[in-house]
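Visitor: Sequence and computational prediction follow.
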Amino acid sequence: MPEALDTSAKKLPAGEPATVPVPVDAKAEKTRSLWSDAWHDLRRSPMFVISAVLIVLLLVMAAFPGLFTGASPRDADLSNHYLGAPNWSHFFQADWLGYDGQGRSIWARMVHGARASIIVSVGVTALVTILGTLVGVLAGYFGGWLDAILFRLTDVFSGIPFMLGAMVVLTTFAERTVWVVVLALAFLGWTTIARVARGSVITIKQADYVTAAKALGASTSRILFRHILPNAIAPVIVVATIALGGYIAAEATLSYLGIGLAEPTVSWGIDVSAGKDQLRNAPHVLMMPSVMVSITVLAFLMFGEAVRNALDPKMR
Amino acid sequence: MGRYVARRLLQMIPVFLGSTLLIFSMMYALPGDPVRALYGEQAIDQAQIAEIKRSLGLDKPFLLQYWDYLTGLFQGDFGTQIASQQPVADVIADAFPITARLTIFAFLFTVVVGITLGVVAGLRPDTLVDKSLLALTLLLISVPSFVLGYAFQYFFAFQLGWVDPNVNDPENYGQLLLPAIVLGSLSLAYVARLTRTSIAENLRADYVRTAVAKGLPRRRIVGVHLMRNSLIPVVTFLGSDLGALMGGAVVTEGIFNVRGVGYTVYEALSRREGSTVVGVVTLIVIIYLVCSLLVDLLYAVLDPRIRYA
């Protein structure tokens, strides 16, 4: 995870169309120093270290669930039905955290649920960042009627309550796979990033170095990709990392309502919903996946918060 | 001022049209046919279906249906539920007061507790109190509302027996307390953090130093000078929050069995009953727009430097 920040900083200038090689200007120097400065701060932040370790663990869990549990999340043994209360001493074995209503290992389902959660949240965040930045940069840089139209559009989308809107979008799909959920959440979620990017671009386009680049005859795409985007992206990244945790919660909530992911996909939200009828007698069935969702959201929130503190000391 | 309000009201029109059109078109695209669903397993008479559809205006082209809906809306007609033949306006009128009560309860809880916590922590930046508030709110934000709802229901209702696990009587504020706290907790965390940051920042402002130098009592410095200037970002957040709370009520109402708008929408969605969903969402969009207008007007009250021509 530490590399993620560095690459995002370096990737941006690389996204520029390969035109004439130009000597590194003073601004690029300063851009790098912002990121290396942030990295310097981050390494010393306990919040960052803890959350980064948790996130790495979750990513490994999503990629290789077999490392954490040998049990299959779909093997049901009805003789274990609800009676399989947690066996705390059997660390990381199938019966460690007990069994659910269908006699499936809760620990195995918790481990295997990571994949859907991570794919949805990372996918939505990536889409939302691309779409939101695009809209925000276009609206902020060009202004005028384009800004008016794009901003009205942003207003339209943000007027719809996120959860209700997502429910409506998702019911229009007969089959709800991971990718459908990603598209539905991204469809409604891009407005925050667009607003942030627009505000950031409007401030930066008045900077002297942008005027200088224009005076030197730089093309619009060069100004956008070389000067505006690298300097406007920091607040976008901050908002996007914090939003990532929110999308994990959103996916879990929708799956819990029965409108998000559906069986046979293993999802924490589905498991919470399956455990709710036995809350009084077998609370562990509901609580275990709940704890897993909360820890995951917390890890990403802490990560986002640490990144924000490092990039923008004013907001601390 | 009057001209500003008029301009804002005019700007609301395209946003309103856009949001309702968006939801309307999604409901139009829903798979399944609510009229057919009326018949269940029975043999279907195509002519009869066509007749029902014509009487409901469902055979018209999409934009015409939307136009009919809009014109009906301005006469207070939200359409008719297909299955129950009940006007949607009546369904909403039954469910809405319940959700409104729950939401306002949650909103008040958010405002009072959130701002208090934020002020307490913001006045002592970087102390133990401040750090524990930041940790606590971070925790609160990361627990999804359905998790918090069940955890509260388990501990306070099943284990301790302090409250009823379900809301049987939506007029009873004691029963609504738990769902309201669950519903408001996420916003509470945001409000507390926003207030805290804003207060901590303004604490160093020149006008606070001036007020201290003038020898004003601390109560007046905090209550009048500091609060008034620090609340602008909080008010902005709260303005967009009421609509979000109503949307979030779907989950909370489900957990505590509150028969409000969220429950109605959930039921309607599972029956593919578009008109109810569009009606509720339209109502929430209107509330959201009105709230954001009120917030903009409140700015001028909080900060007299802001004037609307």
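Guide: Ah, there it is.
Visitor: Please make it C-alpha for all contacts and neighbour counts, starting now.
Guide: Will do.
Visitor: how far away is the residue nearest to the spatial centre of chain A from chain B?
Guide: What sits nearest the mean C-alpha location of chain A, by CA atoms, centre = their mean, is residue A:244, with 2.4 Å. Using CA to the nearest CA, to the nearest Å, we find residue A:244 at a distance of 11 Å from chain B.
Visitor: Next, the contact list for that residue, please.
Guide: Going by CA atoms under 8 Å, 6 or more residues apart in numbering or on different chains, residue A:244 touches A:121-122, A:124-125, A:300-301.
Visitor: let's see 6 Å
Guide: Contact partners of residue A:244, counting by CA atoms under 6 Å, 6 or more residues apart in numbering or on different chains, are A:121, A:125.
Visitor: What are the boundaries of the helices in the stretch 151-300 of chain A?
Guide: Applying DSSP state H, counting those that start in this stretch to the stretch 151-300 of chain A gives helices spanning A:162-171, A:178-189, A:191-204, A:208-215, A:220-222, A:229-257, A:268-275, A:283-311.
Visitor: Rebuild these as JSON lines, extending it with mean pLDDT and distance to residue B:28.
Guide: Formatted as JSON lines, the helices of the stretch 151-300 of chain A follow (pLDDT from 0 to 100; distance: least, CA to CA, whole Å):
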{"stretch": "helix A:162-171", "mean pLDDT": "84", "distance to residue B:28": "11"}
{"stretch": "helix A:178-189", "mean pLDDT": "89", "distance to residue B:28": "16"}
{"stretch": "helix A:191-204", "mean pLDDT": "88", "distance to residue B:28": "24"}
{"stretch": "helix A:208-215", "mean pLDDT": "87", "distance to residue B:28": "47"}
{"stretch": "helix A:220-222", "mean pLDDT": "86", "distance to residue B:28": "40"}
{"stretch": "helix A:229-257", "mean pLDDT": "86", "distance to residue B:28": "21"}
{"stretch": "helix A:268-275", "mean pLDDT": "83", "distance to residue B:28": "28"}
{"stretch": "helix A:283-311", "mean pLDDT": "86", "distance to residue B:28": "34"}
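Visitor: do you know which of these lies nearest residue B:98?
Guide: Comparing the helices of the stretch 151-300 of chain A against residue B:98 with CA to CA, the closest turns out to be helix A:162-171 (17.6 Å).
Visitor: Need the contact partners of that closest one.
Guide: residue B:247.
Visitor: got the angle for it vs helix A:229-257?
Guide: Angle of helix A:162-171 versus helix A:229-257, following axes from the mean of the first three to the mean of the last three CA atoms, to 10 degrees, is 70 degrees.
Visitor: what comes up buried for helix A:162-171?
Guide: Residues of helix A:162-171 classed as buried under the neighbour-count rule (16 or more other CA atoms under 10 Å in any protein chain shown) are A:162-171.
Visitor: Relative to the whole chain's centre, how far out is that helix?
Guide: 18 Å (CA atoms, centre = their mean, to the nearest Å).
Visitor: next SSE after the helix or strand containing residue B:180?
Guide: Assigned by DSSP states H and E, residue B:180 falls within helix B:173-202. Where DSSP H and E defines the elements, the next helix or strand beyond helix B:173-202 is helix B:206-213.
Visitor: which strands and helices sit next to that next one?
Guide: If you count contacts as 3 or more CA pairs under 6 Å, 6 or more residues apart in numbering or on different chains; DSSP states H and E, helix B:206-213 packs onto no helix or strand.
Visitor: which parts of that helix are buried?
Guide: Quick answer for helix B:206-213 (16+ other CA under 10 Å): B:208, B:211.
Visitor: can you check stretch B:103-110 too?
Guide: For stretch B:103-110, a neighbour-count test (16+ other CA under 10 Å) marks B:103-107, B:109-110 as buried.
Visitor: For the stretch 51-200 of chain B, list the residues in contact with chain A, please.
Guide: Taking CA under 6 Å from any CA of the partner chain as the contact definition, the stretch 51-200 of chain B meets chain A at B:142-144, B:147.
Visitor: Restricted to helices, list those.
Guide: Taking DSSP state H as the definition of helices, those contribute B:142, B:147.
Visitor: As TSV, the residues of the stretch 51-200 of chain B next to chain A with neighbour count would be great.
Guide: Formatted as TSV, those follow (neighbours: other CA atoms under 10 Å in any protein chain shown):
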residue	neighbour count
B:142	24
B:143	24
B:144	23
B:147	25
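Visitor: Would you mind putting the residues of the stretch 51-200 of chain B next to chain A into JSON lines with pLDDT alongside?
Guide: As requested, these are exported to JSON lines (pLDDT from 0 to 100):
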{"residue": "B:142", "pLDDT": "87"}
{"residue": "B:143", "pLDDT": "88"}
{"residue": "B:144", "pLDDT": "87"}
{"residue": "B:147", "pLDDT": "87"}
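Visitor: Closest one of the residues of the stretch 51-200 of chain B next to chain A to residue A:62?
Guide: Distance to residue A:62 across those (CA to CA) is lowest for residue B:142, with 19.6 Å.
Visitor: max-length helix in chain A?
Guide: Longest helix in chain A, counting residues (DSSP H): helix A:106-142.
Visitor: and the angle for that one with helix A:191-204?
Guide: Angle of helix A:106-142 versus helix A:191-204, following the same axes, to 10 degrees, is 40 degrees.
Visitor: buried set for helix A:106-142?
Guide: A:106-129, A:131-141.
Visitor: Check which helices and strands it is in contact with.
Guide: Contacts defined by 3+ CA pairs under 6 Å, 6+ apart place helix A:106-142 against helix A:178-189, helix A:191-204, helix A:229-257.
Visitor: helices and strands of chain B: which one has the lowest mean pLDDT?
Guide: helix B:34-37 (a mean of 64; mean pLDDT, DSSP states H and E).
Visitor: Helix or strand next in line after that one, which one?
Guide: Trace forward from helix B:34-37 with DSSP H and E and the next one is helix B:46-56.
Visitor: Show me how chain B divides into domains.
Guide: B:2-73, B:98-302 (automatic domain parsing).
Visitor: quick revisit: just send the helices and strands packed on helix A:106-142 back as CSV, with distance to residue B:230 too.
Guide: As requested, the helices and strands packed on helix A:106-142 are arranged in CSV below (distance: least, CA to CA, whole Å):
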stretch, distance to residue B:230
helix A:178-189, 28
helix A:191-204, 21
helix A:229-257, 22
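Visitor: Next, count neighbours for the closest residue to residue B:162 other than its chain neighbours.
Guide: Nearest-residue entry for residue B:162: residue B:156, 5.6 Å, with adjacent residues in sequence omitted and distances by CA to CA, 6 or more residues apart in numbering or on different chains. Under the neighbour criterion other CA atoms under 10 Å in any protein chain shown, residue B:156 is assigned a count of 16.
Visitor: In terms of pLDDT, where does residue B:156 sit?
Guide: At residue B:156, the pLDDT value in this model is 82.
Visitor: now for the host helix or strand of residue B:248, which elements pack on it?
Guide: Here residue B:248 sits within helix B:227-256, counting by DSSP H and E. Helix B:227-256 is packed against helix B:261-270, helix B:274-302, with contacts defined by 3+ CA pairs under 6 Å, 6+ apart.
Visitor: got the buried residues for it?
Guide: Those would be B:227, B:230-256, for helix B:227-256 by 16+ other CA under 10 Å.
Visitor: What is the neighbour count of residue B:68?
Guide: Residue B:68: 14 surrounding residues under other CA under 10 Å.
Visitor: Return the distance of it relative to residue B:93.
Guide: 21 Å (CA to CA, to the nearest Å).
Visitor: same thing with residue A:157?
Guide: Distance, residue A:157 to residue B:93, using CA to CA: 26 Å.
Visitor: what do you get for residue A:110?
Guide: 42 Å.
Visitor: Poorly predicted segments of the stretch 151-300 of chain B, please.
Guide: For the stretch 151-300 of chain B, applying pLDDT under 70 flags the ranges B:168-171.
Visitor: And the stretch 51-200 of chain A, by the same measure?
Guide: Along the stretch 51-200 of chain A, the model assigns pLDDT under 70 to residues A:70, A:76, A:78-85, A:87-95.
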